[in-house]
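1. What follows is a predicted protein model with its sequence.
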Amino acid sequence: MPAIPAWLIEPLWVQFTALLPDRPTYAPTHPLGCHRRRVDDRIVFDKLIQVLRFGCSYEAIADATCSAATIRGRRDEWIRLGAFAQLKQIAMDAYDRLVGLVLDDIAVDGCITKAPGGGDCAGRSPVDRGKQGMKRSIMVDGHGIPLGRVLAGANRHDSPLLAPTLDRLDDLGPLPETIAVHLDAGYDSAVTRTLLAERGLTGKIAHKGDKAPIQAGQRWHVERTNSWHNAFNRLQRCYERTEKVIDAFFDLADAIITVRSLLRRAWTTYRWDTRPTRRR
């Protein structure tokens, strides 16, 4: 069973391999010239996709083609190169160029997931009997494309994470003159309104005590993106302990979400000779 379909993983791999430096199959510095053959990058990439999607351990996904130590080592090598962050940025730039990011209506929300192994981004979860959990504060555009995130312990409130999350807007280049930020009732405070006013943003904040269907607004995009992230079991139940590794998996998941949305929206927007007969 493939982790993600071939029509989605192939464009991701083509772009990802272009970011990697050329490496010889055998190490030229080996004194006897008979060093073990280097495992192909495509094999390791597929293994990381499976770990992300299924949430299994590296030992469980390892086989005769690739060991768990090789998966971890190549993962750390690609993190040092910044390959995962670049892949996410390239995917978002392509979406912005072909479809267009909706930046005049953005949404921010927090989501608590499990973190049984603890680590840099773990804390006592207030919704899971004090067990270790992780909170992510994510920002999405008007169609739910992930724009940025902040990771913290599950015991952190959403409101203090709003400012560092909005700081991710600085990486997006030219912005619309008017930006509406859609928030749930957890952000309903004078501190949040002052923060948005200082940044020149318009707040669309739900009021505490009011029924959700009456004031749902445009927040459903960020809720849907949270469910997309939770479909990757490695993010829903995170055993990674270091923040840089968690960020790498989130960047890979964001790239998958963005490319999938790009292919589906391009099907209804453009026409080309090899266009599929139905939307994926």
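-> Nice, thanks for sending it over.

2. Straight-line length of stretch 141-148, end to end?
-> This stretch, stretch 141-148, spans 10 Å end to end (C-alpha to C-alpha, to the nearest Å).

3. Give me the contacts around it.
-> 92, 95, 101-107, 138-140, 165, 167-169, 171-172, 218, 221-222, 224-225, 228-229, 254, 257-258, 261, 265 (C-beta atoms under 8 Å, 6 or more residues apart in numbering). Yep, even glycine has a C-beta here, placed from its N, CA and C like the rest.

4. Report the buried members of these.
-> 92, 95, 101-103, 105-107, 138-140, 165, 168-169, 172, 221-222, 225, 228-229, 254, 257-258, 261, 265 (16 or more other C-beta atoms under 10 Å).

5. quick check, residue 7 in a helix?
-> Yes: judged by DSSP: H, G, I helix; E, B strand; the rest coil, residue 7 forms part of a helix.

6. Let's see which of the buried ones among the contacts of stretch 141-148 end up in strands.
-> Judged by DSSP state E, the subset of the buried ones among the contacts of stretch 141-148 located in strands is 105-107, 138-140.

7. Helices along this structure, start to end?
-> Using DSSP state H, the helices of the chain run over 6-18, 41-54, 58-61, 68-81, 83-98, 162-166, 190-198, 220-230, 233-236, 243-269.

8. As PDB, could you dump the C-alpha coordinates of the second one?
-> Extracted in PDB, the C-alpha atoms of helix 41-54 (Å, rounded to 0.1, in the frame of the first residue of the first chain):
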ATOM      1  CA  ASP A  41      18.300   8.700  -2.100                       C
ATOM      2  CA  ARG A  42      14.900   7.700  -3.600                       C
ATOM      3  CA  ILE A  43      14.700   4.700  -1.300                       C
ATOM      4  CA  VAL A  44      15.300   6.800   1.800                       C
ATOM      5  CA  PHE A  45      12.900   9.500   0.600                       C
ATOM      6  CA  ASP A  46      10.100   6.900   0.200                       C
ATOM      7  CA  LYS A  47      10.900   5.500   3.700                       C
ATOM      8  CA  LEU A  48      10.500   9.000   5.200                       C
ATOM      9  CA  ILE A  49       7.200   9.500   3.400                       C
ATOM     10  CA  GLN A  50       6.000   6.200   4.900                       C
ATOM     11  CA  VAL A  51       7.200   7.200   8.400                       C
ATOM     12  CA  LEU A  52       5.400  10.500   8.100                       C
ATOM     13  CA  ARG A  53       2.200   9.000   6.700                       C
ATOM     14  CA  PHE A  54       1.900   5.800   8.800                       C
END
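
9. Just list what that helix packs against, helices and strands only.
-> helix 6-18, helix 58-61, helix 68-81, helix 233-236, helix 243-269 (3 or more C-beta pairs under 8 Å, 6 or more residues apart in numbering; DSSP states H and E).

10. quick one: it to chain centroid distance?
-> Centroid separation for helix 41-54 versus its chain: 15 Å, with C-alpha atoms, centre = their mean, to the nearest Å.

11. Return the angle between stretch directions for it and helix 6-18.
-> Counting by axes from the mean of the first three to the mean of the last three C-alpha atoms, to 10 degrees, helix 41-54 lies at 130 degrees to helix 6-18.

12. Would you mind listing the buried residues in the lowest-mean-pLDDT helix or strand in the chain?
-> Ranking every helix and strand in the chain by mean pLDDT, DSSP states H and E puts strand 202-205 at the bottom, with a mean of 90. By neighbour count with 16+ other C-beta under 10 Å, strand 202-205 contains the buried residues 203-205.
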